[in-house]
Each structure stands twice: as structure tokens, then as C-alpha cells.
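>>> predicted model and sequence follow; I will ask about them next.
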Amino acid sequence: MRTKTAFFNRTRFIIGNGGNTRFWEDTWLGPQPLALQYPQLYNIAQRKQTSVATVLRHIPLNIQFRRALFGNRWVSWLHLVRRLMDINLSDLPDTIRWKLTTNGTFSVKSMYEHIINTLPIPKSMHIWKVKVPLKIKIFMWFVHKGVILTKDNLAKRNWKGNKRCSFCQTHETIKHLFLECPMAKLLWRSLQISFNIEPPTSIHMLFGTWLNGVNVLFAKLIRVGTCAMRWAIWNCRNDLAFNRLNYINFLQVIFRATASIRTWSLLTPMETREPLVTGCVRWEMVAQVIFNRYGWRHANRIGL
């Protein structure tokens with residue numbers, strides 16, 4: 001029923017004989033159904049599912065109300081009647097027009113984009129356009145929706161395990177794991193040094209306005225890289241939480257990410273493969289410099 005309602009809310013009926021169009025609940029006179037334009041009248045109408053033909057083929061208009069029309073209801077009724085006087089029925093059948101496309105023909109794409117654009121969260125269409133494997137796109141969508149199984153979400157399902165972050169022992173949430181954890185902050189800082197990109201400050205920003213104003217091609221490459229970084233964080237976190245791994249350092253996460261980027265680069269056009277690989281080298285070099293300053297060795301990247 002919800003799907004049917006969502007569909008008809010995005011259609012407009014072109015009146016012919018009026019037999020297949022609901023008078024109150026279909027959009028045929030004005031930008032919305034009459035039920036929304038005249039809610040006071042709709043609420044007291046006796047037959048809410050009546051057709052346009054049933055109403056207009058009779059004089060006076062074939063509408064009955066459960067209460068008398070006084071005050072604002074009477075004013076609304078007079079306004080509606082004046083509009084109905086301009087409607088002429090014909091012998092042709094009613095037709096339906098999809099409001100979201102220029103040719104009036106329904107498409108799944110137009111409905112999907114409209115639903116996403118009207119949600120209170122950013123639409124993040126780039127999630128589906130970024131050149132990474134489908135399972136990574138789906139994972140990023142789950143991150144965006146806030147439904148991946150971080151420990152706070154596991155707790156909502158009566159999970160009894162340790163709810164602290166595997167990297168820093170703070171309460172684990174999606175925002176903490178990917179943005180606020182010291183491990184995540186260091187990873188974002190290394191990206192900032194490597195590519196002069198300010199880190200996002202929230203999940204909303206990450207999937208919304210974060211790369212606004214950045215060169216389009218560069219933004220596409222950065223999204224591939226940050227998808228790889230979040231995927232690497234997630235896999236390393238799972239190793240620590242569930243696979244009995246005791247320790248993972250910053251450099252291991254980066255080399256997991258760059259290994260993914262090099263593999264995913266095969267999904268991109270030839271002209272973007274080289275920038276992705278070059279970006280991996282730059283990121284790895286910056287990370288090694290950071291680690292060498294704190295006494296880390298190059299071999300630590302493989303976790304042996």
C-alpha cells in the first residue's frame with residue numbers, strides 16, 4: 001500500500017471521461033490531490049474514493065458531506081466549485097503522466113532519485129558512481145545509513161561482547177570508528193598531508209558536502225581512496241574484534257587500503273589508473289615518514 005501511494009503521489013492524471021481518476025485522492029486539478037488542497041472538505045466527504053466522472057456528470061455536483069458547510073468550509077467549497085466549472089469531460093479515457101520525467105513516462109531511476117533527494121539525509125549519489133566493487137558500494141551505503149554492525153549497533157541486538165573500540169577502547173560508534181578514533185584521525189591526517197584535503201568532521205559531511213568545490217576528477221579519485229581506507233579500517237577492526245588479532249598498526253591499515261586501490265584501479269578508465277597508483281605511492285611514502293619519526297620500520301607494514 002505504501003508503494004502504491006508513493007507511486008500515485010508522483011503522477012498526474014489527464015482527464016478524459018473521468019472514469020478512472022479519483023476525485024479527491026488523485027492529482028488531476030492543481031499540483032496536489034484535492035484531498036490535500038481542501039483537507040476540511042475531504043475530512044467530511046462521505047465517499048472519499050468517488051471518481052471524477054461520478055462527481056462531474058451530475059448537476060448539481062454529486063458530492064455529499066457528513067456536516068453542513070459553514071465558515072471556512074463554505075469558502076473552500078465555493079473556491080473548488082469555481083475551479084470545477086472550467087473542467088469539461090470527453091469520451092476519451094483518462095491518461096496518466098509521470099511527473100518526474102520530461103516525457104511523462106515512468107522510470108525506476110527517476111523515482112529512486114526523487115526519493116533519495118527528498119530524504120532528510122544527503123543523497124550521496126556518488127556512492128553508486130564511484131569505481132569500486134559493488135560490495136564496497138553497499139558497505140558505504142550501510143555506513144551512510146548508520147546500520148553497519150559497529151558495537152553500539154550490535155548491542156541493540158542484545159550482543160553481550162565488549163562494546164569498546166578495538167583501536168582505542170572508547171565506546172564504538174560509526175562516527176567514532178571512521179572519524180574520531182585516534183587511528184582514524186591519523187589516517188585522515190596522512191591523507192591531508194598527502195593530498196591537501198581537509199578531513200570531514202561528520203558522517204553527514206563525509207557523504208554530503210565534503211568535496212564540494214574540489215575538481216571533479218580529483219574528487220572521484222579521492223572517493224576511491226577514502227572508500228578503500230574505510231574498508232581497511234573495517235576489516236582491521238574485525239580482525240581485532242573477532243579474529244583474535246592482538247595488534248594492528250597505522251601502516252598496516254594504509255597498506256591494506258592501497259592494495260585495494262591498486263586492485264580497484266582496474267575498474268577505472270585507463271586515464272585514471274595511473275593517478276590512482278601514483279596517489280597510492282605518495283600516501284605510502286607520507287605514512288612511512290610519519291612512522292619512521294616514531295621509530296617504526298618499513299617491514300611493519302605487513303604485520304609480521
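Received the coordinates, thanks.

>>> where does the stretch 201-304 of the chain dip in pLDDT?
For the stretch 201-304 of the chain, the stretches flagged by pLDDT under 70 are 294-304.

>>> helices of that one, residue ranges please.
Secondary structure of the stretch 201-304 of the chain, counting by DSSP state H, counting those that start in this stretch: helices at 203-206, 216-242, 250-264, 270-293.

>>> one more: the stretch 51-200 of the chain?
Under DSSP H, counting those that start in this stretch, the stretch 51-200 of the chain gives helices at 52-56, 71-84, 108-117, 126-129, 134-145, 151-156, 174-175, 182-195.

>>> ok, now which ones touch Lys163?
Residues in contact with Lys163, defined by C-beta atoms under 8 Å, 6 or more residues apart in numbering, are 151-152, 154-155, 171-172. C-beta here means a position set from N, CA and C on the backbone, and glycine is covered the same way.

>>> one step back: between the helices of the stretch 201-304 of the chain, which one is nearest to Pro33?
Nearest to Pro33 among these is helix 203-206 (33.0 Å), distances taken as C-beta to C-beta.

>>> got the CA positions of that closest one in PDB?
This file holds the C-alpha atoms of helix 203-206, laid out as PDB (Å, rounded to 0.1, in the frame of the first residue of the first chain):
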ATOM      1  CA  ILE A 203      29.300  11.300   8.600                       C
ATOM      2  CA  HIS A 204      26.800  13.700   7.200                       C
ATOM      3  CA  MET A 205      29.600  15.900   5.800                       C
ATOM      4  CA  LEU A 206      31.500  12.800   4.500                       C
END
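
>>> which positions in it come out as buried?
203, 206 (16 or more other C-beta atoms under 10 Å).

>>> mind giving me the packing neighbours of it?
Judged by 3 or more C-beta pairs under 8 Å, 6 or more residues apart in numbering; DSSP states H and E, helix 203-206 is in contact with no other helix or strand.

>>> most remote residue from the protein's center?
In the chain, the greatest distance from the average C-alpha position (C-alpha atoms, centre = their mean) is reached by Ile59, at 49.5 Å.

>>> related to what we said a few turns ago, out of the helices of the stretch 201-304 of the chain, which is the most enclosed?
helix 250-264 (a mean of 21; mean count of other C-beta atoms under 10 Å).

>>> so that helix versus helix 216-242, what angle?
Counting by axes from the mean of the first three to the mean of the last three C-alpha atoms, to 10 degrees, helix 250-264 lies at 130 degrees to helix 216-242.

>>> elements contacting helix 250-264?
Using 3+ C-beta pairs under 8 Å, 6+ apart as the test, helix 250-264 ends up in contact with helix 182-195, helix 216-242, helix 270-293.

>>> name the residues of stretch 16-36 that come out as buried.
Across stretch 16-36, burial judged by 16+ other C-beta under 10 Å covers 16-18, 20-29, 33-35.

>>> among those, which are in helices?
Among the buried residues of stretch 16-36, the members found in helices (DSSP state H) are 34-35.

>>> and of the buried residues of stretch 16-36, the nearest to Lys131?
Thr27 (39.3 Å).

>>> how about the closest one, nearest residue that isn't a chain neighbour?
Arg12 (4.9 Å; C-beta to C-beta, 6 or more residues apart in numbering).

>>> contacts for the helix or strand hosting that neighbour next, please.
According to DSSP states H and E, Arg12 maps onto strand 11-14. Residues from elsewhere that reach strand 11-14 (C-beta under 8 Å, 6+ apart): 20-21, 26-28, 94-99.

>>> with pLDDT added, can I get those in a markdown table?
Listed next are the contacts of strand 11-14 as a markdown table, based on pLDDT from 0 to 100:
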| residue | pLDDT |
| --- | --- |
| Asn20 | 90 |
| Thr21 | 91 |
| Asp26 | 90 |
| Thr27 | 91 |
| Trp28 | 92 |
| Asp94 | 90 |
| Thr95 | 91 |
| Ile96 | 89 |
| Arg97 | 89 |
| Trp98 | 88 |
| Lys99 | 83 |
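
>>> quick one: contacts for Leu266?
Arg273.

>>> now do Leu100
Listed by C-beta under 8 Å, 6+ apart, the contact partners of Leu100 are 10, 107, 110-111, 113-114.

>>> now Leu240
Leu240 neighbours (C-beta under 8 Å, 6+ apart): 166-167, 246-248.

>>> out of the helices and strands packed on helix 250-264, flag the one nearest Arg47.
Short answer: helix 216-242, nearest of those by C-beta to C-beta, at 53.5 Å.
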